[in-house]
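**Q** Just a sequence and a predicted model for now, questions to come.
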Amino acid sequence: MRVRSAVVVLGAALALAVTGTLWAAGPLNVITTTEDLAAIAREVGGDKVKVESLSRGYQDPHFVEAKPSFVLKLNKADLLIAVGRELEIGWLPPLVTQSRNSKIQLGGDGYLDASLTARILEVPTGQITRAMGDVHPLGNPHYWLDPENGKRIAKEIEAKLSALDRANAAYFAQREEDFEKRLSAAEKGWQATMAPYKGTKVVTYHRSWPNFAERFGLEVIGYVEPRPGIPPSPSHTFDVIQEMKRQNVKIILVEPYFDLKTPNSIGRETGAKVLEMPPSVGGEKEVTDYFKLFDYDVKLLVDAIKQTRSS
Amino acid sequence: MRSRDIRRSIIISIVSIVLSGASGWAQSSDPSPSPGPVVQTPPTPSPTPTPSPAPPEAPPPEPPPTEVPPGAAGAGGPSGPLPVYGNVGASKVFNPDIAVIGDFLGAIGKNDSERATPSLELHEAETSFQAIVDPYARADFFLTFSNDEVGVEEGFVTFTSLPGNFLVKVGKMRASFGKVNQMHNHVMPWTDRPIVTDNLVGGEDGIDDAGISLSRLFPNELLFLEATAEVYRGESNIFRAPERGDLTWVGRLRGYRDLTESTNLDFGGSFAQGHNDVAGPGFKTRLFGADIAFRYRPLRRAIYRRLILRTELMWSRKELEAGPVKAFGAYVSGEYQFAQRWFAGVRLDRSDRADDAALVDKGASVLLTYWPSEFSQIRGQYRHTRYAEDIKANELLFQVQFSIGAHGAHTF
């Protein structure tokens, strides 16, 4: 008797769950870990997807809190897109485990690691230890800061969306192609703007900019952090100041989530300009999509370089 | 005669098969997958499909790729290199994440109570093994080594792909009773556990038992709402199971809501019931708990500032031979991060004892924590305790914690 009622209850629960998933039609529900991925997913998905990012662009993507409200968002997701390369290792895995969503589990049909075809820099070779700070064993995860990688990410997203929603595959393909075209055109403009300043030396706070520097011809000669994730120390700051003076470096790039105290004092010592440069969509109010991210950063850089050269 | 012929032909054919097989084997791959230390393969095939810098000389020796011949039986299925099973390098890929966390404790000052801790000790070495089991589950093991004892603090499988918003855990677990009972030592914001935990919920190990946990998420627009029901064997610090039917039951309802993007409220109610440590049938302990936490962490300055205020209230009803004893205990605590590496904290304690509610222990602590990095932590705690026996203790407790390896992220 008891066993039978238990079977009935379980069966009912299963039936409910199955019908629940069948009813869920409409636009695909896409959750991304960062606003950059959300911006690209919107470009590709258009009005056939609903996209939301868990973190904000002005937030350090390494240190996002695994809030239960994110569990609710992941619970309803058809697709989860992550930056990968262990960027989200400190917060995403427990959220996915708790999501009760089999689609977005690692290896599930609704999970996409956006880094799979991207050009990844700074992949450590040889022995790595935590004496090097918070190193990423799978390479630098800030790869979206190269428009060429933006295209690769868009391709990945297009393939995934088409697999999940075959009826709209042609729509996604057409949008992806259009995005790629517009991005190529915009990239030519950014390259042209940056061309006269190729080889400009800069110091950055964190190692967020290798892909950006490679694409736009900056030379990163040092970091405000002594090692990734380790706060600035007086002796390292002193070394950075000496090196900047020696090489006549006039630009310091700081992500909006870092304290400006040390960069400002380095700036005072060396006469360098401290730029709060957003590495992500949403990092500043006017940076609302993937194009505006480069528009903003390139303009900020070029204006600053011009200023430091004229003074 | 005939039978001998048959036997001979069988022997000949077997020998020829073996020989041809062996020669074919020898031809097909020189670094044969023979057992033994013939490992010329690279230690680990790097899982990164990245444009690696081209090596100056010959390409690195790759594990022998076993190709599916085109047009072979099953063509149209997977082609290209097949995974080489038993390969030393490849097998490492599936090793679980392993980490060890050392928890070193020290105490200075006078404490004449039974609860005094040693002057110096490696209080615990927690070893964790964590990995995904298959497409449906993950597993987490936490083995603790403390004072020459080895224990399974937790070891459970979590089924992540169930329908109906269910999550099931099976194994040995810290029960979902309140907040502190679920925390491992290294995530505690203090060097010790609150007095109420010691008095009413079984101290450091608390309700930690073999059982099954079923929890369901109730998705809605208003708040995160999760209900958990658990059943345990009934053997933990405060519960005993002389009979097989003396199970421990635990229930919890947890709510959470973002107030703004930087502030949130986390609250819950818990229940636990089981046979207690009084010998004889029918002696039960029933626990109720309420917890609430307020968190503030500005997104733009998340690595520099945070504030957490929390409290847990617990009520115990323990049946003794002389009749039931009702006891109450609580703590209130706050932690404030004032720099990238620095945290200050305070905690107030008060709790009756489960066996005699007239005995009340009280305490107050202030704390300072320093993080050299994410992987180590140094903490000092000044603790004033007034035990029920009218023993007063003023102590300076200190702690060094250090973590190596890959320890999985913790739930919120």
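**A** The structure has been received and is ready for your questions.
**Q** only C-alpha atoms for contact and neighbour calcs from this point on.
**A** Fine.
**Q** how about the nearest residue to the closest residue to chain B within the stretch 151-300 of chain A, chain neighbours excluded?
**A** Nearest residue of the stretch 151-300 of chain A to chain B (Cα to the nearest Cα) works out as residue A:257 at 4.8 Å. Spatial nearest neighbour of residue A:257, chain neighbours left out: residue B:300 (4.8 Å); criterion: Cα to Cα, 6 or more residues apart in numbering or on different chains.
**Q** count of neighbours near the one you found?
**A** 20 (other Cα atoms under 10 Å in any protein chain shown).
**Q** Secondary structure of it: a strand, I assume?
**A** No: checked against DSSP: H, G, I helix; E, B strand; the rest coil, residue B:300 lies outside a strand; its state is helix.
**Q** Can you name the residues that contact it?
**A** A:58, A:59, A:60, A:256, A:257, A:258 (Cα atoms under 8 Å, 6 or more residues apart in numbering or on different chains).
**Q** what do you get if the cut-off is 7 Å, keeping everything else the same?
**A** Shown in contact with residue B:300 (Cα atoms under 7 Å, 6 or more residues apart in numbering or on different chains): A:58, A:59, A:257.
**Q** Could you report the neighbour count for the last one?
**A** I take that to be residue A:257. 20.
**Q** can you give me the helices in the chain?
**A** This is for chain A. Ranges of helices in chain A, per DSSP state H, are A:2-23, A:35-45, A:68-75, A:92-98, A:147-164, A:169-194, A:210-216, A:234-247, A:261-270, A:290-310.
**Q** wait, chain B
**A** B:2-28, B:88-93, B:195-200.
**Q** just to revisit the earlier point, in TSV: the contacts of residue B:300, plus pLDDT.
**A** What follows is the contacts of residue B:300, written out as TSV (pLDDT from 0 to 100):
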residue	pLDDT
A:58	97
A:59	96
A:257	96
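**Q** Could you double-check that residue A:33 lies in contact with residue A:54?
**A** Yes: shown here, residue A:33 and residue A:54 form a contact pair, counting by Cα atoms under 7 Å, at 5.0 Å.
**Q** Now residue A:128: closest residue in space that isn't a chain neighbour?
**A** Leaving aside its chain neighbours, residue A:128 sits nearest to residue A:137 (7.5 Å; criterion: Cα to Cα, 6+ apart).
**Q** hmm, I was thinking of residue A:169
**A** The nearest residue in space to residue A:169 (Cα to Cα, 6+ apart) is residue A:162, at 4.4 Å.
**Q** Residue A:276 now?
**A** residue A:254 (4.9 Å).
**Q** Next up, phi/psi of the residue of the stretch 151-300 of chain A closest to chain B, please.
**A** phi -100, psi 10 (degrees, to the nearest 10).
**Q** Tell me the spacing between it and residue A:38.
**A** 20 Å (Cα to Cα, to the nearest Å).
**Q** what residues are up against the residue nearest to residue A:276?
**A** A:204, A:205, A:275, A:276, A:277.
**Q** isn't the first one right up against residue A:251?
**A** No: with contacts counted by Cα under 7 Å, residue A:204 stays clear of residue A:251, the gap being 8.4 Å.
**Q** How about the residues of chain A by chain B?
**A** A:13-14, A:17, A:58-59, A:66-69, A:72, A:90-91, A:93-94, A:97, A:100-102, A:119-120, A:138, A:230, A:257-258 (Cα under 7 Å from any Cα of the partner chain).
**Q** just checking, what packs against the top strand by length along chain B?
**A** In chain B, with assignment by DSSP state E, the single longest strand is strand B:323-339. On a contact count with 3 or more Cα pairs under 7 Å, 6 or more residues apart in numbering or on different chains; DSSP states H and E, strand B:323-339 meets strand B:306-320, strand B:342-352.
**Q** nearest to residue B:386, of those?
**A** Among these, strand B:342-352 comes nearest to residue B:386, with 9.6 Å by Cα to Cα.
**Q** Listing partners with orientation, what would you give for the closest one?
**A** Here strand B:342-352 has these sheet partners by DSSP bridges: strand B:323-339 (antiparallel), strand B:360-373 (antiparallel).
**Q** will you turn these into JSON lines that also has mean pLDDT and mean neighbour count?
**A** JSON lines is the format used below for these (pLDDT from 0 to 100; neighbours: other Cα atoms under 10 Å in any protein chain shown):
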{"stretch": "strand B:323-339", "mean pLDDT": "97", "mean neighbour count": "19"}
{"stretch": "strand B:360-373", "mean pLDDT": "96", "mean neighbour count": "19"}
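**Q** right, so of the ones you listed, which gets closest to residue B:114?
**A** Short answer: strand B:360-373, nearest of the strands paired with strand B:342-352 by Cα to Cα, at 12.7 Å.
**Q** What are the contacting residues of that closest one?
**A** With Cα under 7 Å, 6+ apart as the criterion, strand B:360-373 contacts A:230, B:341-353, B:377-388.
**Q** For residue A:301, which residues are in contact?
**A** Contacts of residue A:301 (Cα under 7 Å, 6+ apart): none.
**Q** Count residues in the vicinity of residue B:259, would you?
**A** Around residue B:259 there are 12 residues (other Cα under 10 Å).
**Q** I misspoke; the intended subject was residue B:109.
**A** Count around residue B:109 with other Cα under 10 Å applied: 14.
**Q** Chain neighbours aside, what residue packs nearest to the residue of the stretch 301-412 of chain B found nearest chain A?
**A** Relative to chain A, the nearest point of the stretch 301-412 of chain B is residue B:409 (5.1 Å; Cα to the nearest Cα). Excluding its sequence neighbours, the residue lying closest to residue B:409 (Cα to Cα, 6+ apart) is residue A:90, at 5.1 Å.
**Q** Hmm, the one you found is touching residue B:406, no?
**A** No: with contact defined as Cα under 7 Å, residue A:90 does not count as touching residue B:406 (10.5 Å).
**Q** what about those two, which has more around it?
**A** A direct count of neighbours by other Cα under 10 Å for residue A:90 and residue B:406 places residue A:90 higher, at 19 against 14.
**Q** ok, residue A:207 - contacts?
**A** residue A:228.
**Q** Need phi/psi at it.
**A** phi -80, psi 60.
**Q** For it, give its distance to residue A:150.
**A** From residue A:207 to residue A:150 the distance is 19 Å (Cα to Cα).
**Q** buried ones in stretch A:36-49?
**A** Neighbour counts over stretch A:36-49 (16 or more other Cα atoms under 10 Å in any protein chain shown) mark A:36-46, A:48-49 as buried.
**Q** If you could redo that for stretch B:380-399, that was the one I meant.
**A** B:380-388, B:392-399.
**Q** these two touch, right, residue A:91 and residue B:409?
**A** Yes: between residue A:91 and residue B:409 a contact is recorded at 6.0 Å, counting by Cα under 7 Å.
**Q** more neighbours, the two?
**A** residue A:91 (21 against 15).
**Q** Looking at the stretch 201-350 of chain B, which residue is nearest chain A?
**A** For the stretch 201-350 of chain B, Cα to the nearest Cα, closest residue to chain A: residue B:300, 4.8 Å.
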